[in-house]
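Colleague: Below is the structure, and that's it, no one-letter string:
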């Protein structure tokens with residue numbers, strides 16, 4: 001009653017005590033206002049949660065040298081580094097359905113492409129490739145599609161049955177680094193065992209973010225330093241052992257074949273020939289990776305690129321030498337990969353190189369508050385889990401002014417990419 005007295009003072013509605021029509025109209029108007037406000041609030045909330053709800057689910061294909069658990073980290077910095085799988089979490093919070101399959105840190109594009117499609121339980125590469133006894137599929141695009149098509153809130157919300165969903169469902173691939181050529185191998189070479197169709201019919205779009213699509217000259221440079229006589233059967237022992245040790249600390253498994261990742265990421269392998277010892281200028285050689293596994297015209301391909309204009313303290317530990325050497329060999333680069341390789345507008349230098357159908361979406365840059373000192377750019381590993389000037393209030397080597405000078409947000413970048421895919425109907 002006291003609340004009523006304050007809220008409805010005498011004379012506010014003269015018919016309140018008598019139940020006259022004027023008071024009923026007043027109360028009805030109030031209810032209508034409250035109802036409209038509730039509907040508006042609900043609509044705004046729904047829109048906020050659906051900003052990244054693409055038509056087809058997203059598959060994140062991770063980079064070379066680490067596992068999926070360390071890839072596509074978030075923006076916020078904590079005791080253990082940037083938020084693990086923060087990009088996936090940010091996209092899901094905005095309505096996207098996201099899968100982030102694990103492969104192996106080191107391996108040929110073909111091996112990692114098979115693992116992207118389907119990975120089985122085991123501690124050897126043979127078991128992981130589902131070639132051992134009693135294979136059990138635990139990860140990959142294949143089980144992701146099965147889960148999606150059996151979910152009443154996902155695949156079954158679009159298709160009348162799981163069977164039809166498995167025949168017609170598609171995915172949007174967003175890849176980084178070696179995750180781009182290995183996903184292209186999956187698209188071009190693998191047949192979906194659930195639908196019986198080639199995988200390219202199950203891919204709506206492919207987005208490369210700093211992808212090693214035409215190799216990196218750093219791999220060619222290293223291979224050029226290996227004497228041929230010390231490389232029996234194309235297997236350099238020192239490189240193989242060092243990558244196996246690195247992979248063991250990363251996964252807990254001793255996996256062979258890691259040296260193949262260096263071969264697979266060379267410019268020669270990607271754009272000239274997959275026979276590392278064949279000389280295309282003197283003899284007829286097998287096709288290059290890009291020739292053997294061309295892009296398909298029915299898929300929407302796009303690429304985002306980056307280059308470092310100067311070396312910030314955030315990049316001094318991992319990218320200084322690579323940036324200098326790659327710059328000497330191929331010009332502007334992100335510390336590891338040239339702009340030409342990232343953009344992927346051509347498959348190679350040969351006249352008969354297949355078309356790539358790739359749309360160049362431009363160069364990704366951060367911003368700076370100082371007009372005389374531009375943002376240095378996003379490094380190769382900055383797109384996945386490394387430090388970037390101005391990212392997540394993280395200083396680099398004591399330069400604590402970064403968050404006040406430079407600005408870039410990893411989660412916001414991928415959100416913009418996915419929102420754009422949604423706007424295009426993918």
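Modeller: Alright, I've got the coordinates. Remember, it's a predicted structure, so these values are computed and weren't measured experimentally.
Colleague: Skip the chain neighbours and tell me the closest residue to residue 335.
Modeller: Closest residue to residue 335 apart from its sequence neighbours, by CB to CB, 6 or more residues apart in numbering: residue 319 at 3.1 Å. Backbone N, C-alpha and C define where each C-beta goes, glycine included.
Colleague: dump the residue contacts of the one you found.
Modeller: Neighbouring residues of residue 319 by CB atoms under 8 Å, 6 or more residues apart in numbering: 308, 311, 334, 335, 336, 379, 380, 381.
Colleague: Ok, residue 59 next?
Modeller: If you count contacts by CB under 8 Å, 6+ apart, residue 59 has them with 98, 99, 100, 101, 116, 141, 144, 171, 172, 173, 174, 183.
Colleague: Just give the nearest non-adjacent residue to the third one, would you?
Modeller: Distances taken as CB to CB, 6+ apart put residue 60 closest to residue 100, at 4.4 Å, once the chain neighbours are dropped.
Colleague: doesn't residue 88 make contact with that neighbour?
Modeller: Yes - assessed by CB atoms under 8 Å, residue 60 is found in contact with residue 88 at 6.4 Å.
Colleague: where in this protein is pLDDT low?
Modeller: Low-confidence segments of the chain (pLDDT under 70): 1-48, 225-249, 254, 393-395, 397-403.
Colleague: Apply 80 and report the result again.
Modeller: Within the chain, the stretches with pLDDT under 80 are 1-48, 78-80, 223-259, 349-352, 392-404.
Colleague: And stretch 405-416, what's buried?
Modeller: By neighbour count with 16 or more other CB atoms under 10 Å, stretch 405-416 contains the buried residues 406, 407, 408, 409, 410, 411, 413, 414, 415.
Colleague: sorry, back to before: what would the contacts of residue 319 look like in CSV with secondary structure and neighbour count?
Modeller: Listed next are the contacts of residue 319 as CSV, based on DSSP: H, G, I helix; E, B strand; the rest coil; neighbours: other CB atoms under 10 Å:
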residue, secondary structure, neighbour count
308, coil, 24
311, coil, 17
334, coil, 30
335, coil, 27
336, coil, 25
379, coil, 28
380, coil, 30
381, helix, 23
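Colleague: any idea which of the residues you listed is closest to residue 151?
Modeller: Closest approach between the contacts of residue 319 and residue 151, by CB to CB: residue 381, at 33.5 Å.
Colleague: and the closest one, what is it in contact with?
Modeller: 63, 318, 319, 335, 336 are the contacts of residue 381 under CB under 8 Å, 6+ apart.
Colleague: switch the cut-off to 6 Å
Modeller: By CB atoms under 6 Å, 6 or more residues apart in numbering, the contact set of residue 381 is empty.
Colleague: Quickly run through the sheet partners of the biggest strand by length in the chain, with directions.
Modeller: Longest strand in the chain, counting residues (DSSP state E): strand 203-211. Sheet pairing of strand 203-211 (DSSP bridges) gives strand 171-177 (parallel), strand 300-305 (parallel).
Colleague: Can you name the next helix or strand after the last one?
Modeller: Beyond strand 300-305 in the direction of the C-terminus, DSSP states H and E gives the next helix or strand as helix 320-330.
Colleague: picking that back up, so of the buried residues of stretch 405-416, which ones are in strands?
Modeller: Per DSSP E, the subset of those in strands is 406, 407.
Colleague: ok, back up a step: ok, what's across the strand from the residue nearest to residue 100?
Modeller: residue 174.
Colleague: That one: what's it in contact with?
Modeller: 72, 100, 174.
Colleague: and the second one, what does it touch?
Modeller: Taking CB under 6 Å, 6+ apart as the definition of contact, the neighbours of residue 100 are 60, 68, 88.
Colleague: Which of those sits closest to residue 130?
Modeller: Using CB to CB, the contacts of residue 100 come closest to residue 130 at residue 68, 17.7 Å.
Colleague: re earlier: okay, the contacts of residue 319 in TSV with distance to residue 261 next?
Modeller: Listed next are the contacts of residue 319 as TSV, based on distance: CB to CB, whole Å:
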residue	distance to residue 261
308	23
311	25
334	18
335	18
336	13
379	20
380	15
381	16
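Colleague: which one of these is nearest residue 257?
Modeller: Of all the contacts of residue 319, the one with the least separation from residue 257 (CB to CB) is residue 336, at 21.3 Å.
Colleague: now the closest one, nearest residue through space, not along the chain?
Modeller: Residue 336's closest residue in space is residue 380 (CB to CB, 6+ apart), at 4.2 Å.
Colleague: what's near enough to touch the one you found?
Modeller: Residue 380 touches 210, 334, 335, 336, 337, counting by CB under 6 Å, 6+ apart.
Colleague: In TSV: the residues you listed, plus distance to residue 298.
Modeller: Below are these laid out as TSV (distance: CB to CB, whole Å):
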residue	distance to residue 298
210	25
334	30
335	34
336	31
337	27
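Colleague: which pair in those residues spans the largest distance?
Modeller: Top of the distance list for these (CB to CB): 210 and 335, 9.5 Å.
Colleague: List the contacts of the longest strand of the chain.
Modeller: The contact list for strand 203-211 (CB under 6 Å, 6+ apart) reads 56, 170-176, 180, 187, 299-304, 306, 334, 342, 380, 383, 421, 426.
Colleague: Can you say which of those are buried?
Modeller: Buried among the contacts of strand 203-211 by 16+ other CB under 10 Å: 56, 171-176, 180, 187, 299-304, 306, 334, 342, 380, 383, 421, 426.
Colleague: between the contacts of residue 319, which is nearest residue 137?
Modeller: residue 381 (29.9 Å).
Colleague: From residue 76, how far off is the closest one?
Modeller: Counting by CB to CB, to the nearest Å, the separation of residue 381 from residue 76 is 18 Å.
Colleague: Would you state the strands of the stretch 1-150 of the chain in chain order?
Modeller: 58-61, 77-78, 81-82, 98-99, 119-120, 137-139 (DSSP state E, counting those that start in this stretch).
Colleague: so of these, which one's packed in deepest?
Modeller: strand 58-61 (a mean of 27; mean count of other CB atoms under 10 Å).
Colleague: what distance separates that strand from the centre of its chain?
Modeller: 6 Å (CA atoms, centre = their mean, to the nearest Å).
Colleague: Also stretch 171-184?
Modeller: 7 Å.
Colleague: Over to stretch 356-365?
Modeller: 15 Å.
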